[in-house]
Structure formats: C-alpha cells, structure tokens
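Peer 1: Just to be clear, the model below is a prediction. Sequence and coordinates:
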Amino acid sequence: MADEISTAMANCQGKSVLLRLRDSKTIQGSLIDFDIHMNLTLENAEDITDEKHLSLGKVLLRGDNILAISLPTDKS
Amino acid sequence: MADEISTAMANCQGKSVLLRLRDSKTIQGSLIDFDIHMNLTLENAEDITDEKHLSLGKVLLRGDNILAISLPTDKS
Amino acid sequence: MADEISTAMANCQGKSVLLRLRDSKTIQGSLIDFDIHMNLTLENAEDITDEKHLSLGKVLLRGDNILAISLPTDKS
Amino acid sequence: MADEISTAMANCQGKSVLLRLRDSKTIQGSLIDFDIHMNLTLENAEDITDEKHLSLGKVLLRGDNILAISLPTDKS
Amino acid sequence: MADEISTAMANCQGKSVLLRLRDSKTIQGSLIDFDIHMNLTLENAEDITDEKHLSLGKVLLRGDNILAISLPTDKS
Amino acid sequence: MADEISTAMANCQGKSVLLRLRDSKTIQGSLIDFDIHMNLTLENAEDITDEKHLSLGKVLLRGDNILAISLPTDKS
Amino acid sequence: MADEISTAMANCQGKSVLLRLRDSKTIQGSLIDFDIHMNLTLENAEDITDEKHLSLGKVLLRGDNILAISLPTDKS
C-alpha cells in the first residue's frame, strides 16, 4: 500500500469497519491492526451477510480476499 | 502503473469515477487517492449495480478487484 | 512486455482496438495509452458484448483482465 | 505478514483456532506452527463445515487458501 | 521461459499455431512474435471454438490465459 | 515455507500422506520429495475422491493446487 | 522447482507422461523439455479426457495450468 492508503487505514484503528469479501460475505468489526498486504485483525467481528448475524470474535482476515473496506468518515 | 496511466488517474482526483469490479458490481464515487496497485479510496461511494443504489460512504477498494475505471472526460 | 509486443501496442495508439476480457465482455475504443502491465486507457470506449452497445466514455482497463487485443492491421 | 499480525498468530500457538477457507470449508484445530505465508500446521484438526465433523488429525494448510482465522480472545 | 521452451516457440514464428485458452476457446493463427510471459501476437487469427469460425485479424494474446500451444512439427 | 513447516514435511518423507486439492479431489500416497513451493512427488498415489479409487502411480503435484496435507502423527 | 523435483522431471524426458490439468482435462504425451515454471513440451500429445482421444501433436503446456504429472516408474 502507498502511504496515502496506509494512512487512511491507520485512521481507522480502534474504529468499526465494514469489509466486503471476494466471496460476497460482509464482515463488520473493530480494526485492531493491519499490514502492507491488507491482512488485518478485527475485534468483535460479525459476519453480517445474512439476516442472522454470526459472531466471529477476534479474527485475522487475509488481505487478498478483501474486496472493499468501508471506512468511517471523520464525522462518524 | 506507468506514468501515463498514473497521470490519467491523478487527473481524476476529486472527480466522480465509475468502477466496474471483477464480480460485476458497479461502484461510483469521488476519487480521493490511489496507489501504484490501483488500490483507491472513494468518498460518497455508491454500489449502483442494481436499481436500488446502496450507499457505501467512504471506501477503500483493492486494485486487484477492479476491472475498469470510467474516467471523466476533460469536458465533463 | 517484451519490446516486440510493446511496439505492436505502440503502433495502435490513436487507433481503434477491440478487447476481449476474461469475463467474456468485448470492449471497443480508441487506444490512448498503455503500460508494461497492459493496463490501458481508451477513449470513446463501448461495451459491445450485447446487441445493445453501452457507451463507456474514457476508461482505464486493468491489464490482468484482458484476454486478447485485436490490433488494427497496417492496411486498416 | 507484518510483525503485528505475526504476533497475533504467535499468541495462538497451542490454542484452538477456527479457520474459514476460500472454498467455504471451516476447519478447527490446535495451532502448532505457521510461517510468513500463513501456511500453518494444526493438531487434532476437524472439518466442521457440515453437521458430521470429519477428523483430519495433524494437517498442514496452505496460507493462500485461508480466508479468515478466528483467534481466541485473551480471556478465552 | 527457459531457453529450450523459448527455442520451441521461436521455431514457430511465421507458422500456424493452435492455442487453447483457459476459457476453453481455441484460437488459430500465424505466430508473429512472443515474449517471456508467453504474450504473443498472431496474424490472420481465427476463433475456431465453434463450428462458425470467427475472424480476429491481428491479435495480441496475454500469456497467462494460454493453456496450451500446439506447435507445428518439423515436417509440417 | 518457513523452517518449522518444512521440518513438518520432512518428517513425512517415506510415510503416507493425504492431500486435499483445491478442486476438491483427495489424493493419498507415500511422500518421496518436496520443494519450497510445496511441489511434491508421491509414490503409489491414489485418487481416493470417489468410492472407486484410481491408481496414479508415481506423481508430481504442483504445490499451488494443494489445499491441505494430512500429516501422519508421530504415533501412527 | 527445487533440484529433487527437477531431477524427477528430467528422468522423464523421452518417456510418456500423463498430465492432469486444472480444467480437469487429461493429456498424455512424450516429454521433450521443461523449464523451472513447469512449462513443458510434449510430442505425440493426446487429449484423453473423453473416450474419443484427440490428437494434439507437439504441444507446449503452461506450467501454471498443470495439476499433477504422473511419472513413469523406473520399472516401466
């Protein structure tokens, strides 16, 4: 990741992010950490793809499965 | 990205771009930033694949999922 | 790309090319620029996969989604 | 993996982890070891995708097939 | 490509080759040039997958979509 | 592969291993050799995916198709 | 490929090998040459996937499409 993108991620640490994965699952959780491959760890993660949310606890997600990360806006 | 392609992207910063993703989703938003892997951040992003648009807010999209980026022409 | 292949592409700049993408879409447009990864920019691009052509304007296409590029022959 | 992510994995050694694979299988087992590619070895592994759990014994899993790893929280 | 493989390809320049692509299409054409990634250019290329052959003219094919190349034998 | 993972594989040489491939086939055989890409050679290999086992003899399997390797435990 | 694996392949030159490809096709032929990416050339190749064998002549197969190579045993 270039610095700009990396900064955008760093600003999200400790905040809730929404991940859309390549297999069309949607994961929500609080961003703990990440690395240059976009591998990241989430706390209190939930698979919210279906109506019935699935608690995942603390998870490590491989960056290459991630499609998009919804970042909290500065106001939220 | 080579310089020419990178310049084409840089010219789009702050403008609205239309992304077609590998999973055939279409995302529209205002380009904030990008890096050499075509990872990019969008503001006021919307998933406009289906009739019912889905607001995504500020998102980070991994470059390797991007199929094509419709660039605003100089006139628009 | 090796030099020979790169030259074949350079000869197409400003000319109309036909792209077949991995997802079996067919895109036509005027080649503006390209880089060593075959990322390329097209002007007046159209998705001509289906009967109903879809105007795409100016687009940037990631090289790794491209299957084949029909090059204009020297005569055409 | 960056150090932070690597530390998160190291903290799991000897503990039970839950893996979600790209082919949507779910594997549970006790983490023995891992490397920078997230290749990892599990003991007493079980494929718990379906109701009928499938005992796999000691397995080596390639990192590039892993979607997510549920990490035990510090309390558990 | 190692030298041996590269030589096998070089021997085909100006000759007709048959390509089988990953998406199970079959392309036939006269090999103009190629590079180390097996990107190659064909003249008088035809998509001969279906009964109805499709003329493609001069095409550039990305090597990573190629499954196999039928090489002309020395006699033919 | 890191050393720990490599050692786990080395301990299996001459022993029977069970491979699960990405295309959901299951292969069993006696591990002869392997390299850092997890390319490996098996003796007396069998495709045991279906009821009717298929003898494969001596095979070389590309590492990037391997999902998981069931390792013999020290006792077995 | 590591040396051990490379030697296993070198021992097959001039002999008949059976290839299983990622798209579940099965190819048989006499191994002429190969490189470190497992790109290989076969003589008298046949697609033996279906009952009706398909003669392919001399072919170059890209290594990244290969799933497994059945090697002739020393006795055969």
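Peer 2: Sure thing, it's come through. Given the structure is predicted, the values throughout are model-derived calculations rather than measurements.

Peer 1: Next to chain E, which bits of chain A? Give me the list.
Peer 2: Taking Cβ under 8 Å from any Cβ of the partner chain, no part of chain A reaches chain E. (C-beta placed from N, C-alpha, C; glycine too.)

Peer 1: and the residue of chain A nearest chain C?
Peer 2: Of all residues in chain A, the one sitting closest to chain C is residue A:64 (13.6 Å; Cβ to the nearest Cβ).

Peer 1: burial measure for the closest residue in space to that residue that isn't next to it in sequence, as a count.
Peer 2: Nearest non-adjacent residue to residue A:64, counting by Cβ to Cβ, 6 or more residues apart in numbering or on different chains: residue A:37, 7.1 Å away. By other Cβ atoms under 10 Å in any protein chain shown, the residues close to residue A:37 number 15.

Peer 1: Quick check, residue A:13 in contact with residue A:42.
Peer 2: No. With contact defined as Cβ atoms under 8 Å, residue A:13 does not reach residue A:42; the gap is 10.9 Å.

Peer 1: in chain A, which ranges drop under the pLDDT threshold?
Peer 2: Scanning chain A for pLDDT under 70 picks out A:1-2, A:74-76.

Peer 1: Tell me where chain A has helices.
Peer 2: A:3-10 (DSSP state H).

Peer 1: What ranges does it have for its strands?
Peer 2: Along chain A, counting by DSSP state E, strands occupy A:16-21, A:26-34, A:40-47, A:54-61, A:66-71.

Peer 1: ok, back up a step: so for residue A:13 and residue A:42, which sits in the more crowded spot?
Peer 2: Between residue A:13 and residue A:42, counted using other Cβ under 10 Å, the more crowded position is residue A:42 (25 against 13).

Peer 1: Around chain D, pick out the residues from chain A.
Peer 2: Residues of chain A lying close to chain D by Cβ under 8 Å from any Cβ are A:21, A:23, A:27, A:32-37, A:39-41, A:56-62, A:64-65.

Peer 1: Any quick ChimeraX command for the buried ones out of those residues?
Peer 2: To isolate the buried subset of the residues of chain A next to chain D in ChimeraX, counting by 16 or more other Cβ atoms under 10 Å in any protein chain shown, use the following:
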select /A:21,27,32,33,34,35,39,40,41,56,57,58,59,60,61,62,64,65
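
Peer 1: before we move on, the earlier item: distance to chain G for the strands of chain A - can I get that in JSON lines?
Peer 2: Output for these, formatted as JSON lines (distance: least, Cβ to the nearest Cβ, whole Å):
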{"stretch": "strand A:16-21", "distance to chain G": "23"}
{"stretch": "strand A:26-34", "distance to chain G": "29"}
{"stretch": "strand A:40-47", "distance to chain G": "28"}
{"stretch": "strand A:54-61", "distance to chain G": "26"}
{"stretch": "strand A:66-71", "distance to chain G": "24"}
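
Peer 1: As CSV, those strands with distance to residue A:6 would be great.
Peer 2: CSV is the format used below for the strands of chain A (distance: least, Cβ to Cβ, whole Å):
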stretch, distance to residue A:6
strand A:16-21, 15
strand A:26-34, 8
strand A:40-47, 12
strand A:54-61, 17
strand A:66-71, 12
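
Peer 1: burial of the nearest residue to residue A:56 once chain neighbours are set aside, as a residue count?
Peer 2: Once flanking residues are discounted, residue A:56 sits nearest to residue A:45: 4.1 Å by Cβ to Cβ, 6+ apart. By the measure other Cβ under 10 Å, the count of residues near residue A:45 is 26.

Peer 1: Assess the claim that residue A:45 and residue A:26 are in contact.
Peer 2: No. Contact criterion Cβ under 8 Å: residue A:45 and residue A:26 do not qualify, at 11.0 Å.

Peer 1: The residue of chain A found nearest chain D and chain E, how far apart?
Peer 2: Nearest residue of chain A to chain D: residue A:35, at 3.1 Å (Cβ to the nearest Cβ). The span separating residue A:35 from chain E equals 27 Å under the rule Cβ to the nearest Cβ, to the nearest Å.

Peer 1: Over to residue A:68?
Peer 2: Residue A:68 is 25 Å from chain E, by Cβ to the nearest Cβ.

Peer 1: what does residue A:70 give?
Peer 2: 31 Å.

Peer 1: if I pick that residue, what's in contact with it?
Peer 2: Each residue near residue A:70 by Cβ atoms under 8 Å, 6 or more residues apart in numbering or on different chains is listed here: A:17-20, B:56-59.

Peer 1: mind redoing it with 10 Å?
Peer 2: Counting by Cβ atoms under 10 Å, 6 or more residues apart in numbering or on different chains, residue A:70 touches A:12, A:16-20, A:26, A:28, B:45, B:55-60.

Peer 1: and if you look at residue A:57?
Peer 2: Counting by Cβ under 10 Å, 6+ apart, residue A:57 has contacts A:29, A:42-46, D:18, D:70-73, D:76.

Peer 1: same check, this time on residue A:62
Peer 2: A:21, A:37-40, D:1, D:5, D:22, D:38, D:63-69.

Peer 1: Next up, phi/psi of it, please.
Peer 2: When quoted as degrees, to the nearest 10, the phi and psi of residue A:62 stand at phi -70, psi 130.

Peer 1: Residue A:42 is in contact with residue A:14, isn't it?
Peer 2: No. Assessed by Cβ atoms under 10 Å, residue A:42 is found out of contact with residue A:14, at 11.2 Å.

Peer 1: before we move on, back to that, any shared contact partners between residue A:13 and residue A:42?
Peer 2: Shared contacts of residue A:13 and residue A:42 (Cβ under 10 Å, 6+ apart): A:30-34.

Peer 1: Tell me the residues of chain A that contact chain B?
Peer 2: A:1-9, A:12, A:17-20, A:22-24, A:38, A:63-74, A:76 (Cβ under 10 Å from any Cβ of the partner chain).

Peer 1: tally of neighbours for the closest residue to residue A:60 other than its chain neighbours?
Peer 2: Among residues not flanking residue A:60 along the chain, residue D:69 sits closest, at 4.4 Å (Cβ to Cβ, 6+ apart). Neighbourhood size, residue D:69 [other Cβ under 10 Å]: 24.
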